[in-house]
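**Q** kindly return the folded structure for what I paste below:
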Amino acid sequence: MEGKEQVLSCIQPTGNVHLGRYFGAIQNWVALQEKYDCIYGVVNYHGMTTPFDPQKLRTLTWDVAFRLMACGLDVNNIFIHSLVPEHTELAWILSCMTSYGELTRMTQFKDKSLQISESNKDAFISTGLFTYPVLQAADIIIYHARYVPVGKDQEQHLELTRNIATRFNHVVKKEYFPLPEPLYTEIPKVMSTADPTRKMSASLGEKHNIDVFADPNRIRKQIMSAVTDSGDVSYPDMSPGVENLFSLLKASGYTETYTDLIHQYQSGTLGYGQLKEEVANAIIEMTEPFRQKLLILNADNRAVKEQIKQSSAKIRERAQKTLKEVRELSGLI
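**A** Numbers count the residues shown, from 1 in each chain. Coordinates of the predicted model:
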């Protein structure tokens, strides 16, 4: 990887690997491996910021790591957060260089805490949910990442990371941490097929997300039951549900089918049943290799877990080097 720029991105082990996660991040991560020195984390420490079940957290952490590999990520690029504890020590050091005011302005804390409160007025909202942007900053700069693949909704977090890195450099009087830049890519906006006004999300429930590794019959059923419109919307207008189906078809790589069906839609000859059938076929065909690869990985469960532990240990060596230098620069004995 010598000479290649460093890219860092992470995923929480919460919920399944649905199409929103795949098209929004994982598909791009696979492609980036060709051009950059990539590190991808399964950040189970972040999975503790909202109410969690310990056994479920452990299971989901391994499940997500296996699924990332099944989707095409190189195991050597994957680490599990809790196997690299240097992240949390760096987060403490950085938290001492982050103002309370900066964290109160983070919109995701407001959104997530409100979501938790709406589901249960007596729900527990942790300090970790408030301070996790600092841990996220540590996740990025501990590897001196040059680029971070982000969507527009993550710009605020990356800007905070840059501010924290700048403040650290100022305190230690050395340009030690580079300021990470966003790596923008074309990310399809994947909405729930059950409610196309909301983003596809595991937290909304099963009907609002389509699991990449689900049985093909279930995928087909979910697509065929997708919300469209009553048929009274015509070109050039397009209802959110129909637009979402076209987006899924395009993101699946079926560009010729997409173009053909768009022409049919424009001419008023496209039936929504036909559109749903084509989308279902495209998604099932695209995801079939992932399901087959996951079966192979699960059949060799213990050996694959050992591979992930070894890759985490190798990646940890980079984190240990950084933390040793940070301690020295910070005046820590």
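
**Q** burial of Lys321, as a residue count?
**A** Using other C-beta atoms under 10 Å, the number of residues around Lys321 comes to 14. Where you see a C-beta, it was placed from the backbone N, CA and C, and this is true even at glycine.

**Q** next: Leu294.
**A** Under the neighbour criterion other C-beta under 10 Å, Leu294 is assigned a count of 19.

**Q** what's it in contact with, if anything?
**A** The neighbourhood of Leu294, defined by C-beta atoms under 8 Å, 6 or more residues apart in numbering, consists of Phe66, Arg67, Ala70, Phe213.

**Q** how does it look with 10 Å?
**A** By C-beta atoms under 10 Å, 6 or more residues apart in numbering, the residues touching Leu294 are Val17, Asp63, Phe66, Arg67, Met69, Ala70, Cys71, Val212, Phe213.

**Q** of those, closest to Lys173?
**A** Using C-beta to C-beta, Met69 comes nearest to Lys173 of the contacts of Leu294, at 42.5 Å.

**Q** could you measure from the closest one over to Leu295?
**A** The spacing between Met69 and Leu295, counted by C-beta to C-beta, to the nearest Å, is 12 Å.

**Q** neighbour count winner among the two?
**A** A side-by-side neighbour count of Met69 and Leu295, using other C-beta under 10 Å, places Met69 first with 21 against 11.

**Q** in the helix or strand containing the more buried one, what's buried?
**A** Assigned by DSSP states H and E, Met69 belongs to helix 54-70. Neighbour-count burial for helix 54-70, with 16 or more other C-beta atoms under 10 Å as criterion, is recorded at Leu60, Thr61, Trp62, Asp63, Val64, Ala65, Phe66, Arg67, Leu68, Met69, Ala70.

**Q** next SSE downstream of the worst-scoring helix or strand of the chain on mean pLDDT?
**A** Ranking every helix and strand in the chain by mean pLDDT, DSSP states H and E puts helix 107-119 at the bottom, with a mean of 72. Heading C-terminal from helix 107-119, the first helix or strand you meet, by DSSP H and E, is helix 127-141.

**Q** tell me who's in contact with Pro13.
**A** 42-44, 46-47, 52, 56-65, 67, 80-81.

**Q** how about 8 Å then?
**A** If you count contacts by C-beta under 8 Å, 6+ apart, Pro13 has them with Val42, Val43, Asn44, Gly47, Leu57, Leu60, Thr61, Asp63, Val64.

**Q** got the angle for the helix ranked longest in the chain vs helix 54-70?
**A** Counting by DSSP state H, the longest helix found in the chain is helix 301-330. Computed with axes from the mean of the first three to the mean of the last three C-alpha atoms, to 10 degrees, the direction of helix 301-330 lies at 100 degrees from that of helix 54-70.

**Q** how close does the closest residue to Val75 other than its chain neighbours sit to Ile80?
**A** In space, and not counting its chain neighbours, Val75 is closest to Gln307: 5.0 Å by C-beta to C-beta, 6 or more residues apart in numbering. Using C-beta to C-beta, we find Gln307 at a distance of 12 Å from Ile80.

**Q** and Gly41, by the same measure?
**A** Taken as C-beta to C-beta, the spacing of Gly41 relative to Ile80 amounts to 7 Å.

**Q** before we move on, what about Leu129?
**A** Using C-beta to C-beta, one gets 21 Å for the distance from Leu129 to Ile80.

**Q** the two: which is more packed in?
**A** Comparing Leu129 with Ile80 by neighbour count (other C-beta under 10 Å), the higher total belongs to Ile80, at 22 against 18.

**Q** I'd say that one and Ile308 touch.
**A** Yes: Ile80 is in contact with Ile308 according to C-beta atoms under 8 Å; the separation is 6.5 Å.

**Q** pull up the overlap in contacts between these two.
**A** With the criterion set as C-beta under 8 Å, 6+ apart, the overlap between the contacts of Ile80 and Ile308 is Ala65.

**Q** dump the helix holding Met69 to PDB, restricted to CA.
**A** Output for helix 54-70, consisting of C-alpha atoms alone and laid out as PDB, is shown next (Å, rounded to 0.1, in the frame of the first residue of the first chain):
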ATOM      1  CA  PRO A  54     -24.500  -7.400  25.300                       C
ATOM      2  CA  GLN A  55     -25.000 -10.800  23.600                       C
ATOM      3  CA  LYS A  56     -26.700  -9.200  20.600                       C
ATOM      4  CA  LEU A  57     -23.900  -6.700  20.300                       C
ATOM      5  CA  ARG A  58     -21.300  -9.500  20.200                       C
ATOM      6  CA  THR A  59     -23.300 -11.500  17.600                       C
ATOM      7  CA  LEU A  60     -24.000  -8.500  15.400                       C
ATOM      8  CA  THR A  61     -20.300  -7.400  15.500                       C
ATOM      9  CA  TRP A  62     -19.200 -10.700  14.000                       C
ATOM     10  CA  ASP A  63     -22.200 -10.800  11.600                       C
ATOM     11  CA  VAL A  64     -21.400  -7.400  10.200                       C
ATOM     12  CA  ALA A  65     -17.700  -8.300   9.800                       C
ATOM     13  CA  PHE A  66     -18.600 -11.500   7.900                       C
ATOM     14  CA  ARG A  67     -21.100  -9.600   5.700                       C
ATOM     15  CA  LEU A  68     -18.500  -7.000   4.800                       C
ATOM     16  CA  MET A  69     -16.300  -9.800   3.600                       C
ATOM     17  CA  ALA A  70     -19.100 -11.400   1.700                       C
END
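
**Q** that's all I had, so thanks and see you.
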